[in-house]
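Visitor: attaching a predicted model along with its sequence, questions to come.
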Amino acid sequence: MSQLGDFAEDAMLHFLWSTNDGDGASITRATDGVVSVYKDNLVDQSTVGITDTEDFDGLTGVHLCTIDLSADAFYATGADYSVVLSAATIDGQTVNAVLATFSIENRFMRGTDAAATAADLSTHDGKLDTAQTDLDTITGSDGSTLATAQGNYAPSKAGDSMNLAADAIKAVSYDESTAFPVKSDDTGATQIARTGADGDTLEDLSDEIALQATAAALATVDANVDLILADTGTDGVVISSTTANQIADALLDRTNGVETSYTLRQALRLVLAACAGKLSGAATTTNTIRDVGDAKNRIVATVDADGNRSDVTLDVS
């Protein structure tokens, strides 16, 4: 079904529709049936002014329907209509179907409560023509530059030089509490703006801005920072596992790192043996403590009956 739109009174409308068999192939109607028009939600219908052309332009299954809305008073403004096919035989089946819908001056114009009639459209078209004529008078026929003859509208055109009267700009028009307002006593050609609280003029500020970092200089700094981050990593200095091991070994083997003649590694060997190494001779005067690998005597101590040490031999290798 097609929605044909809203038509002016007494218009002529045309639309195409098609017939197909159960497999979708285009076919001619075995029985043409009747094409009629229903009005609104009524059972009233009319066939006046309707022309049904079967197999239009020699195309099987494509049909042209033409409706002359001036042919019958049945076709009135302010109503909706449905075009209906009834009692047709298509592919051996009796077919009743809605082919299309339309209305006659029954759609509202924007901003109004009335339909867009031909008379309304003609009135609006005339108003647009008047507006265009007035616009050409003001702007010139090219529509882009003000007409030189219209002094009230265009004392100067865009691009023309303009001279201001001596009192054209006055301090009363500005808030002097804002930065660099127009001076109330401006008499010099270069004194258009007041100096700031620190005595800087606009020229001073312009010179200072020129001394600031340029975009090229900032880009260079940014590139250098990227190189530094690439070398060090964004979360701090990145070192290899080999370097990390070298640092650890340097700390463990630092001379006199714990006490004189003992590195941290040597001290840890003695502590580990004392805590976890095998012990022998505990009931004698010689206590022997092995390293945790049980490969050597790590600590050999001479003790008395009370366990007091009188001599200690250490192997920290």
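Guide: Ah, there it is.
Visitor: care to break the protein down by domain?
Guide: What the record gives for the chain is the domain set 2-104, 117-157, 164-194, 258-314, from automatic domain parsing.
Visitor: need the winner for burial among the ones you listed.
Guide: Across these, averaging neighbours per residue (mean count of other CB atoms under 10 Å) puts domain 2-104 on top, at a mean of 15. All C-beta atoms are positioned from the backbone trio N, CA, C, and that covers glycine.
Visitor: now the end-to-end length of that domain.
Guide: Across its full length, domain 2-104 reaches 16 Å end to end, with CA to CA, to the nearest Å as the criterion.
Visitor: could you do stretch 293-304 as well?
Guide: Its first and final residues considered, stretch 293-304 spans 28 Å by CA to CA.
Visitor: contacts for that stretch?
Guide: With CB atoms under 8 Å, 6 or more residues apart in numbering as the test, stretch 293-304 has contacts from 269-270, 273-274, 277-278, 285-291, 309-317.
Visitor: you'd agree residue 131 is in a helix?
Guide: Yes. Remark: residue 131 belongs to a helix, assigned using DSSP: H, G, I helix; E, B strand; the rest coil.
Visitor: contact partners for it?
Guide: Here residue 131 is in contact with no residue (CB under 8 Å, 6+ apart).
Visitor: roughly how far does it sit from residue 125?
Guide: Plainly put, residue 131 is 11 Å away from residue 125 if you go by CB to CB, to the nearest Å.
Visitor: can I get the domains of the chain in CSV with mean pLDDT and distance to residue 242?
Guide: Compiled in CSV, the domains of the chain are given as follows (pLDDT from 0 to 100; distance: least, CB to CB, whole Å):
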stretch, mean pLDDT, distance to residue 242
domain 2-104, 96, 77
domain 117-157, 64, 76
domain 164-194, 53, 61
domain 258-314, 92, 19
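Visitor: compare those and give me the one nearest residue 221.
Guide: Ranking these by proximity to residue 221 (CB to CB) places domain 164-194 first, at 29.8 Å.
Visitor: reformat the domains of the chain as JSON lines; add distance to residue 231.
Guide: What follows is those, written out as JSON lines (distance: least, CB to CB, whole Å):
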{"stretch": "domain 2-104", "distance to residue 231": "71"}
{"stretch": "domain 117-157", "distance to residue 231": "60"}
{"stretch": "domain 164-194", "distance to residue 231": "45"}
{"stretch": "domain 258-314", "distance to residue 231": "31"}
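Visitor: can you tell me the element the closest residue to residue 309 other than its chain neighbours falls in?
Guide: By the measure of CB to CB, 6 or more residues apart in numbering, the closest residue to residue 309 outside its immediate chain neighbours is residue 301, 4.8 Å from it. Mapping residue 301 onto the secondary structure by DSSP states H and E places it in strand 297-303.
Visitor: do a quick rundown of the helices in the stretch 1-150 of the chain.
Guide: Counting by DSSP state H, counting those that start in this stretch, the stretch 1-150 of the chain has these helices, from start to end: 118-139.
Visitor: now the helices: where do they sit in the stretch 201-317 of the chain?
Guide: Under DSSP H, counting those that start in this stretch, the stretch 201-317 of the chain gives helices at 202-211, 215-232, 241-252, 264-276.
Visitor: quick one, the third one and helix 264-276 angle?
Guide: Going back to what we said before, that points to helix 241-252. For helix 241-252 against helix 264-276, the angle by axes from the mean of the first three to the mean of the last three CA atoms, to 10 degrees is 80 degrees.
Visitor: which elements pack onto helix 241-252?
Guide: Contact analysis of helix 241-252 by 3 or more CB pairs under 8 Å, 6 or more residues apart in numbering; DSSP states H and E lists helix 264-276 as its packing neighbours.
Visitor: now do the helix it packs on: distance to the chain's middle.
Guide: 66 Å (CA atoms, centre = their mean, to the nearest Å).
Visitor: same check, this time on stretch 250-261
Guide: Between the centre of stretch 250-261 and the centre of its host chain there is 63 Å, according to CA atoms, centre = their mean.
Visitor: end-to-end on that stretch?
Guide: Using CA to CA, the end-to-end distance of stretch 250-261 comes to 15 Å.
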